[in-house]
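Student: how would this look folded up:
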Amino acid sequence: MHKDLERILLSEKELDTIITRIAAELDRDYSGSDKRLVLLCILKGSVVFMGELMKKITVPVEIDFMRVSSYGAGTETTGSINIILDLLRKDLDQCDIVIVEDIVDSGRTLSHLTKYLKLKGVHSVRTCTLLDKPERREVDLVADYVGSVIPDEFVVGYGLDYDEKYRALPYVGILKREVYEK
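Tutor: The predicted model follows:
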């Protein structure tokens, strides 16, 4: 375990089990669709999760990316959603989009993106998150696919970061408070 972690919250094995389950749910829900299934990775934190998820899905799947920011410096969200890298496709009306997020806190980002993509004309939009913190929810949002509900702790690893560090950890851990409350 990394020295800056209080403890490991989800091990590599637990993450693999979660991702296998979500992939099976996506296979079940999209097996008969005549639309293009597109996993929309929200960069940067979701890239590890989406990379593992797409390998386990058996129905035809495409990937795309958006980069969205709701955080300033540190650990607090700013309250505003900034689209830094947009989804630019001409076939959105033929796409079933599954937004792939690393973690849902307030829910504002996923709520905003869902509405935004519907306005752009996508056939359907669903949401998928590896981690969910319902205690922090500020908008009425329930993700369609949830890996694990977690406590209101600052977590890193498996793509999640603090100040661009800890993303490469192969598990999800709780960061020690003294690391981010300097």
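
Student: hey, where'd the strands end up in this protein?
Tutor: 5-10, 36-43, 62-71, 77-85, 95-104, 124-132, 145-149, 155-156, 172-175 (DSSP state E).

Student: Need the residues that contact the shortest one.
Tutor: The list of residues contacting strand 155-156 from outside it, by CB atoms under 8 Å, 6 or more residues apart in numbering, reads 5, 9, 103, 131, 162, 165-167, 169, 172-175. From N, CA and C alone the C-beta is placed, and that goes for glycine too.

Student: And the pLDDT at the residue nearest the centre of the chain?
Tutor: What sits nearest the mean C-alpha location of the chain, by CA atoms, centre = their mean, is residue 101, with 1.1 Å. pLDDT for residue 101: 97.

Student: mind listing what the closest residue to it other than its chain neighbours touches?
Tutor: Of all residues not flanking residue 101 in the chain, residue 129 sits nearest, at 4.4 Å (CB to CB, 6 or more residues apart in numbering). Neighbouring residues of residue 129 by CB under 8 Å, 6+ apart: 100, 101, 102, 103, 104, 110, 143, 145, 146, 147.

Student: unless I'm mixing things up, the third one is touching residue 160, no?
Tutor: Okay, so that is residue 102. Yes: counting by CB atoms under 8 Å, residue 102 does reach residue 160; the two are 5.4 Å apart.
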